[in-house]
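>>> Any chance you could fold what I've pasted below:
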Amino acid sequence: MKLSKKKIKYIRRHGSAETAEKIAHDLRISVKDVERVMRKSAAKPSRKTPSAPLEAVFQWGLICISFLAPFLFLRGIYDFANLPQMAFIQIGVTLLLLVWIIKSFVDKKWLILKSPFNLPIIAFILWSYVSAIYAHNKYEAFLPLMHWTASAVAFFLVINGLREEKRLIQLVAAIFVSGFLTALLGIAQYLFNLSWVPQVVPPAATFANKNMAVHFIVLTFPLGAGLILNNKNKILDWILCIAMALMVVFLFYTRTRAGWLAFAVEVLLLSVLLGRDYLKAKDVSRWNKNKGFAATLGVVVVCIMINVGPHGFTSGFSRIAERAAKIRPQGNSYSSVELRLAIWRNTLEMIKDHPLVGFGLGNHKVFYPLYHRKVVEEKIFSEKSQLSNVHNDFLQAFAELGLIGMLFLAWLGFVLLRCSLRLTLPENSPEIRFFTIGITVGLVGLLVNAGFSFPFQRAIPPFVSMIFTGILGSFYAGDNRRFYPISKRWIMLFAGVIVFISLVWLVRFHYHGIKCDQHFLHITQLEKQKNWKGVIAEGKKAYFHNPRRIKTLSYMGRAFIETGRYREGIEALKKVIAAYPNHMNALLNIGVAYASIDDYKAALEAYEKVLRIKPDYSKVHNNMANLYMKQKKLDKALEEFKIAAELDPKNSVIHFNIGIVEMQKREYKQAAEAFQKAVDLNPDWDLAQKNLGILCFQFLNKKKKGLEHLKKALELNPKIRDAAQIQRLVK
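Modelled structure (predicted):
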C-alpha cells in the first residue's frame, strides 16, 4: 500500500516515541507499512553525523566496484581479463572493509547483522582454508581461496553496510546495467568485428572467452524483470525491455549451449515464480499496457536480431538447430559433450578415492592426470592439451573439498532457497518480492551453467553471487534486525590494522602478479618461436616477480635443455615436479635431460612416471628404447620400439629405429621390413633408403632392389655417408 506524504511524516515524527502497532492503529494502516517507513528513516544517516562522508564513500564505492569490475581488462598480459578483474575486486572490497571499520570506529559502535547466511558462508570459507592446509599444491589452493574470501567479504559489506532499501535497489540496477553494457559490447564485436578489446574466443565482451561472458549475462538478465515490475516510469519500461532483449540476442550470438540451457531454465522459473506471486498476492497493478507493449517490442527485437549476422541476414533458427545437432559427434570427431562426460566420469573416481575431504582446494588439476583414463579415456589429453577445469563446478568442488565441503554448500543452498521463498510471500512489499525473484532466478541460472562450465573459478560470478546473497540477507532481515554489538574500540582498532596490512599486501601481491603475467605472455610467445634464450630471460623476470608460479619453471626447464644446459634444466624441473607430481611435460623433459647427461636410471624412472599417467604415449616408449639401445639392451629396446610402433604406426622414425635394432641383432629380414615401412611412410628419407638398400644388396640377395634404394638415397642426398662406395655399387 502506498502511503501519503502526510502519513509518512506522522510516522517519522512519532516513530521514536510510539510503537509501530500504536501508529498503525491510529492511521489505520498495516504494521508492516509503518515498520518500513521507520526502517527507512532509521537507516538514513543524518548529514551532521561525523561518519556521513565515510558512509557515502562506502555505499557508492560498493556500487561502483560492482558496476565496473566486469569491464576491467589489461592488454599485454597473459590472463588479460580475469586477473585484473580479480585484483580490482579483492583490493576494492578490502579497501571498503577498511572504510567500514573506520566508520564504525568514528560511530563508536560496531553492529554486525545476525543473518541465516552468516554461518554457512563462514563454515564453507573456513573449510576451504582447512583444505588448503592438506592440499599438495598450496599455491593452487591459495588463488581461489583469496577470491572466495574477498567475495564473502563483499557479502558482509552489503548486509552490514547497505541497510537502506534505496541503496540496495541502486546496487541491483548498477549490476543490471553492467550486464546490459556487456551484452551491447559483445553484440558490437559479433556484428562489426570490434578488436579494441582483446578476445580469445569471440564474442567475449571483456571476458576473453564467450563462455565466461555468458556467466555474467545469465546472472544479470533476470534482474531486469524486477526492475520493470517495480518501475513507474513509462519510458524506462521501454528501455529496460530493449536492454533485456539485447542481452538475449547476445546469448544467442555466443552459440553457447550451456548458456542457452541456463536461459531456458531462467525463463521457465521466472514464469513459475511470477505466476505463484499472482496466485498468492492477487495483485496485477505492477503490470500495465505500457509494459506489455514494451515487452512485445523486446520480443520483436530478439526475433529480428537473431537473424542478423556479420554478413547480413541469416536464419537464426537454423543456426540454433545446427548448434544443437553438434551435441552428438559427427563421424570420427570428438565432441565437447563427449569430452565433458569423460572428465566427469573420471572425476567421480577421484571423489571415490577421497570422498570425505577431497584432494584440497585447487588441486583437482594436480592429480587429474592420473585419472584421465581411469573409467573413460579423455582422448585429447596429451603433451599439448591438459585439463585446467572440470567444466562442472559441483564435481570439482566435491573432488577438492570432499563431502564436508559439499555439505556446507548444501547448507548455504538450503538457506538461500528458504529465504527466497519467504521473501516472495504476499506479506512482503512488491519491491522486495520482485527483486528477490530476479536475484533468485539469476542465481539458479548460474548454477545451471556451473553444471557445464566453471563460473566459480572466475572473478565475477562468485563476487556477484555473494552480492546477491547479501541483498537477499538484507531483505530477509527486514524491520526486525538483530545485531552482534561490538563496542570495544581496541577490537575495531586491531581489525583496522589487520585489514590495512592486508590491503598493502594485496596491492603488492597483485602488482607482482600482473608483472609476472606480462613476462609469462612473452614466454609463451618466444616458446612458439623456439627462441630458447629469450624464454630463459623472460622466465627469470617472471620468476622474480612471482616465484610461487612454478609453471614458469616448466618453460625455463625445457629452454635450458634445448640450449644444452641440462643440469640447470633438471634443477628447474625438479621444482615443477615437486609442486605438480603428475606434470607430464615436466616429467618427459627431465627424462630427456637425464638421458643427455647419461644418467639412464633417472631418465628411465622419469619416463616410467610419464607412462603411469599416459601408457599409450608412443614418444616415451621410443625414448626408453633409445636408452636401452645405449645400454646395449637390445631385446628391451626392441620391445619398447614395437610398443611405440603399435601406438603410432604412421611414425617413420619408430620403424627406422626398429630396423636399426633388428640389424644389430642380425635379424636382417625383420630389419628390412621395418626399413620398408619407414620408406613407405617417408620416401624422401635418404638414410632409410640407404639402409634398406644395403640390407637387400648384401644380406637378402635382392641386389636389384637394393641398388634401386641405394640409387634413390644418392639422389636424395649426394653427400650421404659412404656416398663413394654406394656410387661404385650403383655403376
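>>> going forward, measure contacts between C-alpha atoms and count neighbours the same way
Will do.
>>> Enumerate every residue touching Trp344.
390, 392, 395 (CA atoms under 8 Å, 6 or more residues apart in numbering).
>>> ranges for the strands of the stretch 601-731 of the chain?
In the stretch 601-731 of the chain, no strands are found when defined by DSSP state E, counting those that start in this stretch.
>>> got any ranges where it has weak pLDDT?
Counting by pLDDT under 70, the stretch 601-731 of the chain contains low-confidence ranges at 731.
>>> Most neighbours of all the contacts of Trp344, which one?
Using other CA atoms under 10 Å as the neighbour test, the contacts of Trp344 are led by Val390, with 25 neighbours.
>>> which residue packs closest to that one, ignoring adjacent ones?
Nearest in space to Val390, with sequence neighbours left out and distances taken as CA to CA, 6 or more residues apart in numbering, is Gln396 at 5.9 Å.
>>> Next secondary structure after the host helix or strand of that neighbour?
Taking DSSP states H and E as the criterion, Gln396 maps to helix 393-423. Using DSSP H and E, the helix or strand that follows helix 393-423 in sequence is helix 430-450.
>>> quick one, that following helix and helix 393-423 angle?
Using axes from the mean of the first three to the mean of the last three CA atoms, to 10 degrees, one finds that helix 430-450 and helix 393-423 are set 170 degrees apart in direction.
>>> picking that back up, I'd like to know which elements the helix holding Gln396 is packed against.
helix 118-134, helix 336-353, helix 364-367, helix 430-450, helix 460-477 (3 or more CA pairs under 8 Å, 6 or more residues apart in numbering; DSSP states H and E).
>>> Would you mind telling me which of the ones you listed is nearest Ile304?
helix 430-450 (24.8 Å; CA to CA).
>>> other SSEs contacting that closest one?
Contacts defined by 3+ CA pairs under 8 Å, 6+ apart place helix 430-450 against helix 210-220, helix 223-229, helix 257-281, helix 393-423, helix 460-477.
>>> Can I get that helix as PDB, trimmed to CA atoms?
The C-alpha coordinates for helix 430-450 follow below in PDB (Å, rounded to 0.1, in the frame of the first residue of the first chain):
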ATOM      1  CA  PRO A 430       6.200  -5.800  -4.200                       C
ATOM      2  CA  GLU A 431       9.700  -4.300  -4.400                       C
ATOM      3  CA  ILE A 432      11.200  -7.000  -2.200                       C
ATOM      4  CA  ARG A 433       9.200  -9.800  -3.900                       C
ATOM      5  CA  PHE A 434      10.100  -8.900  -7.400                       C
ATOM      6  CA  PHE A 435      13.800  -8.100  -6.800                       C
ATOM      7  CA  THR A 436      14.000 -11.400  -4.900                       C
ATOM      8  CA  ILE A 437      12.500 -13.200  -7.800                       C
ATOM      9  CA  GLY A 438      15.000 -11.600 -10.200                       C
ATOM     10  CA  ILE A 439      18.000 -12.400  -8.000                       C
ATOM     11  CA  THR A 440      16.900 -16.000  -7.300                       C
ATOM     12  CA  VAL A 441      16.400 -16.700 -10.900                       C
ATOM     13  CA  GLY A 442      19.800 -15.300 -11.800                       C
ATOM     14  CA  LEU A 443      21.500 -17.500  -9.100                       C
ATOM     15  CA  VAL A 444      19.600 -20.600 -10.400                       C
ATOM     16  CA  GLY A 445      20.600 -19.800 -13.900                       C
ATOM     17  CA  LEU A 446      24.300 -19.500 -12.900                       C
ATOM     18  CA  LEU A 447      24.100 -22.900 -11.000                       C
ATOM     19  CA  VAL A 448      22.700 -24.500 -14.200                       C
ATOM     20  CA  ASN A 449      25.600 -23.000 -16.100                       C
ATOM     21  CA  ALA A 450      28.000 -24.200 -13.400                       C
END
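>>> on that earlier part again, between the helices and strands packed on helix 393-423, which one is closest to Leu611.
helix 364-367 (14.8 Å).
>>> That closest one - contacts with which helices or strands?
Counting by 3+ CA pairs under 8 Å, 6+ apart, helix 364-367 packs on helix 393-423.
>>> how big is the angle separating the helix it packs on from helix 257-281?
Helix 393-423 runs at 20 degrees relative to helix 257-281, counting by the same axes, to 10 degrees.
>>> Could you list the buried residues of helix 393-423?
393-409, 411-412, 415-416, 419-420, 423 (16 or more other CA atoms under 10 Å).
>>> Check stretch 229-239 too.
Across stretch 229-239, burial judged by 16+ other CA under 10 Å covers 229-231, 237-238.
>>> Using PDB, write out the CA atom coordinates for it.
Only the C-alpha atoms of stretch 229-239 are listed here, as PDB (Å, rounded to 0.1, in the frame of the first residue of the first chain):
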ATOM      1  CA  LEU A 229       7.800  -4.700 -12.400                       C
ATOM      2  CA  ASN A 230       8.900  -2.100  -9.800                       C
ATOM      3  CA  ASN A 231       9.300   0.700 -12.300                       C
ATOM      4  CA  LYS A 232       6.700   3.600 -12.600                       C
ATOM      5  CA  ASN A 233       8.400   5.500 -15.500                       C
ATOM      6  CA  LYS A 234       6.800   4.600 -18.800                       C
ATOM      7  CA  ILE A 235       9.900   5.500 -20.900                       C
ATOM      8  CA  LEU A 236      12.100   3.400 -18.600                       C
ATOM      9  CA  ASP A 237       9.800   0.400 -19.200                       C
ATOM     10  CA  TRP A 238      10.800   0.500 -22.900                       C
ATOM     11  CA  ILE A 239      14.500   1.000 -22.200                       C
END
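>>> any idea of the mean pLDDT in it?
Per-residue pLDDT over stretch 229-239 has a mean of 95.
>>> can I see the domain layout of this protein?
As assigned by automatic domain parsing, the chain contains the domains 1-42, 109-326+338-487, 616-731.
>>> mind giving me TSV with those domains and columns for distance to Ala579?
Shown next, in TSV, are the domains of the chain (distance: least, CA to CA, whole Å):
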stretch	distance to Ala579
domain 1-42	54
domain 109-326+338-487	6
domain 616-731	22
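>>> Comparing these by mean pLDDT, which bottoms out?
domain 1-42 (a mean of 69).
>>> Among the helices and strands packed on helix 430-450, which comes closest to Glu140?
Shortest separation from Glu140 across these is recorded for helix 393-423, at 11.3 Å, computed as CA to CA.
>>> quick check: angle from the closest one to helix 118-134?
Interaxial angle, helix 393-423 versus helix 118-134 (the same axes, to 10 degrees): 170 degrees.
>>> Helix 336-353 and helix 393-423, what's the angle between them?
Counting by the same axes, to 10 degrees, helix 393-423 lies at 90 degrees to helix 336-353.
>>> Now for Ser420: which residues touch it?
Listed by CA under 8 Å, 6+ apart, the contact set of Ser420 reads 436-437, 440, 472.
>>> Of those residues, which pair is most distant in space?
It's Ile437 and Leu472 that sit farthest apart of those, by CA to CA, at 10.1 Å.
>>> what's the longest helix in the protein?
Longest helix in the chain, counting residues (DSSP state H): helix 489-528.
>>> I'd like the next helix or strand past it.
Under the assignment DSSP H and E, the closest C-terminal helix or strand after helix 489-528 is helix 532-545.
>>> which residues touch that following helix?
Contacts of helix 532-545 from elsewhere in the structure, counted by CA under 8 Å, 6+ apart, are 512-513, 515-520, 522-524, 526-527, 549-550, 552-553, 555-556, 559-560, 562-563.
>>> switch to 10 Å and redo it
With CA atoms under 10 Å, 6 or more residues apart in numbering as the test, helix 532-545 has contacts from 509, 511-529, 546-547, 549-563.
>>> any idea how far Gly92 is from Val357?
Going from Gly92 to Val357 by CA to CA, to the nearest Å gives 32 Å.
>>> what does Arg558 give?
Applying CA to CA, the value for Arg558 to Val357 is 35 Å.
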